[in-house]
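*Asks:* Sharing a model prediction with you, sequence too.
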Amino acid sequence: MRTKNATGNVRRLASPVLDMTMSWSAKFQDETTLASLHGLGVRMIGLTVGSDRTYGPESASSTIEAITASIANDPRFIIARSGADLQYAIDYDLLALELNFQGIGPLGGDLSNISRFAELGVRHIGICWNSENAAGGSATEPYDNGLTSFGRHAITEMERAGIIVDGAHAGVRTMMEAIEASTKPFIVSHTNCFAVTPARRSVNDDQIKACAASGGVLGMTGFGNDIGDRQASSAALFKHIDHVVQLVGPEHVGLGLDFLAKPEVFWEMVEASPQTWPDMEGNPMARCRFYSHDQLTQLEGLMLAAGYQTAHVRAIFGGNWQRICQAVWTS
């Protein structure tokens, strides 16, 4: 990532930025965001192309095909299918697009679709989204019956296909049982720390420790309500990153900013279905800002001022995700 300093010279952050989460279904897509991310120096962005709201493979497949076609003749972008693809993007200043699902809805209840989507380029899949599904319980709901038999088989098939298993949005019991069922590094692609700011989709310290013990990484979001600052400041986001660092070390935290190109679309969804996005008291969620990638230079400065080593900043901004991707995608 690059920014201009006071003299107008271009300055690069300590590491290429790899971000594991940005919703990119048709309603959230625009014509400028990917180009802007590339220009800022982001070298991987995780694009959510399906969720539990899109049941069955057709919609997700169409979205993937459209994305693939849209970048076919643009040398700035590649689909990240392997660790080698990711390294190529970093080495040659490209933006690698990492395709993912938030929930198993696109599988349509058929585990054979996991290998089908792996061939199309999907590289991580969340167990569930904002409601219980066939795999397990969601953090948004007041109950969590845990990981199901279907969920356990799904994890086995994901790992066999080289797809990373993701616990974002999962309930506490479901997530802990999923980590136990996994044999490879487990991730929480986008979350925050409950100990810093109580929020439904945030993780407690036991979950953080369990994810780290698997060799995994937790991606911190910049969603204003969940980081404790509706203006989504770098200082608020840093508190969550630092909590993970102090608890389990800098090698287990990354970025999963969950930035939206069209936030107004999201707030229209919230207004139409407030029960899907409740606050801690079960009330409709208040509007807030989404942290944007052009704020990351501020975050880098806070890390360095707090005594973080340059190697730790590099790991948090991208190196930790690169390690996970290389370990699982190429296995």
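*Replies:* Perfect, I can see it now.
*Asks:* Could you tell me how many residues sit around residue 101?
*Replies:* Number of residues near residue 101 (other CB atoms under 10 Å) recorded here: 23. Yep, even glycine has a C-beta here, placed from its N, CA and C like the rest.
*Asks:* now it: how far from residue 124?
*Replies:* Plainly put, residue 101 is 8 Å away from residue 124 if you go by CB to CB, to the nearest Å.
*Asks:* can you check residue 93 too?
*Replies:* 24 Å.
*Asks:* Of these two, give the one with the bigger neighbour count.
*Replies:* Shown here are residue 93 and residue 124; by other CB under 10 Å, residue 124 has more neighbours (25 against 12).
*Asks:* The more buried one: what's it in contact with?
*Replies:* 20, 46, 98, 100, 101, 163, 164, 165, 166, 187, 189 (CB atoms under 8 Å, 6 or more residues apart in numbering).
*Asks:* what do you get for residue 139?
*Replies:* By CB under 8 Å, 6+ apart, the contact set of residue 139 is 169, 170, 171, 172, 200, 201.
*Asks:* which SS state does the residue nearest to residue 239 when sequence neighbours are not counted fall under?
*Replies:* Of all residues not flanking residue 239 in the chain, residue 196 sits nearest, at 5.2 Å (CB to CB, 6 or more residues apart in numbering). Under the three-state scheme (DSSP: H, G, I helix; E, B strand; the rest coil), residue 196 adopts coil.
*Asks:* wait, doesn't residue 196 sit right on residue 244?
*Replies:* No - assessed by CB atoms under 8 Å, residue 196 is found out of contact with residue 244, at 9.5 Å.
*Asks:* I'd like the contacts of residue 139 written out as JSON lines, with pLDDT, secondary structure and neighbour count added.
*Replies:* Formatted as JSON lines, the contacts of residue 139 follow (pLDDT from 0 to 100; DSSP: H, G, I helix; E, B strand; the rest coil; neighbours: other CB atoms under 10 Å):
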{"residue": "169", "pLDDT": "98", "secondary structure": "coil", "neighbour count": "27"}
{"residue": "170", "pLDDT": "98", "secondary structure": "strand", "neighbour count": "33"}
{"residue": "171", "pLDDT": "98", "secondary structure": "coil", "neighbour count": "26"}
{"residue": "172", "pLDDT": "98", "secondary structure": "helix", "neighbour count": "17"}
{"residue": "200", "pLDDT": "95", "secondary structure": "coil", "neighbour count": "21"}
{"residue": "201", "pLDDT": "95", "secondary structure": "coil", "neighbour count": "23"}
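*Asks:* between residue 196 and residue 244, which one's more packed in?
*Replies:* residue 244 (27 against 19).
*Asks:* Find the residue closest to that one in space, skipping its chain neighbours.
*Replies:* Closest residue to residue 244 apart from its sequence neighbours, by CB to CB, 6+ apart: residue 253 at 4.1 Å.
*Asks:* give me the element the residue lying closest to residue 95 once chain neighbours are set aside is part of.
*Replies:* Nearest non-adjacent residue to residue 95, counting by CB to CB, 6+ apart: residue 38, 4.1 Å away. Take DSSP states H and E as the rule and residue 38 turns out to sit in helix 33-40.
*Asks:* Export only the CA atoms of that helix, formatted as PDB.
*Replies:* Extracted in PDB, the C-alpha atoms of helix 33-40 (Å, rounded to 0.1, in the frame of the first residue of the first chain):
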ATOM      1  CA  THR A  33     -13.500  -0.300  -5.900                       C
ATOM      2  CA  LEU A  34     -11.200  -3.100  -7.200                       C
ATOM      3  CA  ALA A  35      -9.100  -0.600  -9.200                       C
ATOM      4  CA  SER A  36      -8.900   1.700  -6.200                       C
ATOM      5  CA  LEU A  37      -7.700  -1.200  -4.000                       C
ATOM      6  CA  HIS A  38      -5.100  -2.100  -6.500                       C
ATOM      7  CA  GLY A  39      -3.900   1.500  -6.700                       C
ATOM      8  CA  LEU A  40      -3.600   1.700  -2.900                       C
END
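*Asks:* Which elements pack onto that helix?
*Replies:* For helix 33-40, the packing partners by 3 or more CB pairs under 8 Å, 6 or more residues apart in numbering; DSSP states H and E come out as strand 95-102.
*Asks:* list the helices and strands the longest strand seen in the chain packs on?
*Replies:* Ranked by residue count and defined by DSSP state E, the top strand of the chain is strand 42-51. Strand 42-51 is packed against strand 17-23, helix 57-71, helix 83-91, strand 95-102, strand 122-126, with contacts defined by 3+ CB pairs under 8 Å, 6+ apart.
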